[in-house]
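Participant: Sequence first, then the predicted structure, then my questions.
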Amino acid sequence: MGVTVGVLRLPHADGLELPKYETEGAAGLDLIAAIGKNDKITLETGKWSLVPTGLKLQLPEGYEAQVRPRSGLALRHGVTVLNAPGTIDADYRGEVSVLLVNWGPVPFEIVRGMRIAQMVVAPVTRVTLEERGALAESRRGAGGYGSTGV
Ligand SMILES: O=c1ccn([C@H]2C[C@H](O)[C@@H](COP(=O)(O)OP(=O)(O)OP(=O)(O)O)O2)c(=O)[nH]1
């Protein structure tokens, strides 16, 4: 498809695969933990950690990347992305990292090369806020939080 994203590999990602779509129709590229070969991160229950990917991105203007959990990690281990979806701005030139949290009952070990999250690149709509004294009426009005029933 038509969108190209620049990627710069940092030395600690040497030898690791670049994120890729695992199937033809996948929406997200799997992000890979770029921690040291002999290192591991042990996530205790209820704790979180910023896991490096060893990659910097140059997204085209008008796009963002969302860092989302992998459902398998969430289902099997209770491990998810604390700030999901994490936002990678088009003008960010730092290393992409993943804020993983362990809500599972036992510690979870993260090792080099593990597919820890997925990244979805999406277009961004930037808006202009126009301050108004009143807004157009609507049928919903201020109803929310289950106002239509459960
Ligand atoms: O899961 C994430 C979320 C953010 N970032 C990087 C890219 C993003 O462009 C930058 C800033 O993120 P965000 O806007 O969410 O952070 P903030 O807390 O609002 O900080 P800032 O004041 O730097 O914008 O941090 C990541 O690498 N991973």
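Facilitator: In hand now; what should we look at? Worth saying up front: this structure is predicted, and the values here are computed from it rather than measured. Numbering: from 1, shown residues only.
Participant: which strand is the longest one in this protein?
Facilitator: strand 48-58 (DSSP state E).
Participant: What strands line up against it, and which way round?
Facilitator: strand 6-9 (antiparallel), strand 95-102 (antiparallel) (DSSP bridges).
Participant: most tightly surrounded among the ones you listed?
Facilitator: Among the strands paired with strand 48-58, strand 95-102 has the highest mean neighbour count (mean count of other C-beta atoms under 10 Å), at a mean of 21. All C-beta atoms are positioned from the backbone trio N, CA, C, and that covers glycine.
Participant: do that strand and the ligand meet?
Facilitator: Yes. Using C-beta under 6 Å from any ligand atom, strand 95-102 reaches the ligand at 96-97, 99.
Participant: Backbone dihedrals for Ser71, please?
Facilitator: phi -70, psi -30 (degrees, to the nearest 10).
Participant: Could you do Pro11 as well?
Facilitator: Torsion angles, degrees, to the nearest 10, at Pro11: phi -50, psi -40.
Participant: got a list of what it touches?
Facilitator: Pro11 is in contact with Gly54, counting by C-beta atoms under 8 Å, 6 or more residues apart in numbering.
Participant: at 10 Å what do you get?
Facilitator: Pro11 sits next to 34, 54 when contact means C-beta atoms under 10 Å, 6 or more residues apart in numbering.
Participant: again, but for Pro107
Facilitator: Counted by C-beta under 10 Å, 6+ apart, Pro107 has contacts 42-45, 47, 77.
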